[in-house]
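J.: starting from these lines, generate the structure:
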Amino acid sequence: MELETIKNILNFIRLKENKEIPQKWYEAFPKQKFIISIKDHPDNVVYKHENDLDLSYSNVKKLPNKLHVIGDLSLSGCEDLEVLPDDLYVRGILDLSNTTIRDLPDDLYVGGDLYVDDTELTEIPRNLYVGGDFAFGYTQLAKENTDEQIREIVASTGGIIKGKLIRTFDY
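T.: Residues are numbered from 1 along each chain as shown. This is a model prediction of the structure:
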């Protein structure tokens, strides 16, 4: 089935039927290729990926809103990806190192470690939850704030970082 046909089916189900796409339907197609290939992901469709999702150094420009990754999500080196989707949930590790990401979405949930080393990140979003370590070396955020200030900013925005703050690549 052509990707354009898949896109049309998704849009029809979303717009005309007002329903989520069943997980088993997605399993018929390679998930990485599906995400990378469709540029205009349908809104209001929850896309769940049951394992690790490695899109490192790919040409992905946009991820679908309401993306839930049950494992790790690696976007390291994705130079064309500038914005993360709303309602991003990653149960494992989220690796955004070496990207052009400037902002993290509000209500970002990362159950494991969050790596934003060597990004253009300057601010902490509202309600950030990081269950592991937060690695933010080589960012403007690291240059302008002490560890104590980072923790205060996170707490003041309703967020939680359970692990360590890491400023270098030595992890």
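J.: which residues touch the closest residue to Gly71 other than its chain neighbours?
T.: Spatial nearest neighbour of Gly71, chain neighbours left out: Asp52 (3.8 Å); criterion: CB to CB, 6 or more residues apart in numbering. In short, each C-beta sits where N, CA and C put it, glycine included. Contact analysis of Asp52 by CB atoms under 8 Å, 6 or more residues apart in numbering lists 69, 71-74, 92.
J.: please repeat the previous calculation with a cut-off of 10 Å.
T.: By CB atoms under 10 Å, 6 or more residues apart in numbering, the contact set of Asp52 is 69-74, 92-93.
J.: can you give me the strands for this structure?
T.: Listed in chain order, the strands of the chain (DSSP state E) span 47-49, 53-54, 67-69, 73-74, 89-90, 94-95, 109-110, 114-115, 129-130, 134-135, 160-161, 165-166.
J.: quick one: Leu75 and Leu114 touch, right?
T.: No - the pair Leu75 / Leu114 is not scored as a contact, 11.5 Å apart, by CB atoms under 10 Å.
J.: neighbour count: those two, which is higher?
T.: Between Leu75 and Leu114, counting by other CB atoms under 10 Å, Leu114 is the more crowded of the two (26 against 23).
J.: separation between the nearest residue to that one once chain neighbours are set aside and Lys62?
T.: The shortest distance from Leu114 to any non-neighbouring residue, by CB to CB, 6+ apart, is to Val130 (4.7 Å). Note on Val130: its distance to Lys62, by CB to CB, to the nearest Å, is 23 Å.
J.: ok, Asp86 next?
T.: According to CB to CB, Asp86 and Lys62 sit 12 Å apart.
J.: quick one: which of the two has more around it?
T.: Between Asp86 and Lys62, Lys62 has the larger neighbour count (other CB under 10 Å), namely 17 against 13.
J.: state the distance from that one to Gly163.
T.: 29 Å.
J.: again, but for Arg91
T.: From Arg91 to Gly163 the distance is 15 Å (CB to CB).
J.: give me the number of residues near the residue nearest to Leu114?
T.: Close neighbours of Val130, defined as other CB under 10 Å, add up to 23.
J.: what's near enough to touch it?
T.: Neighbouring residues of Val130 by CB under 10 Å, 6+ apart: 90, 94, 108-114, 154, 159-163, 165.
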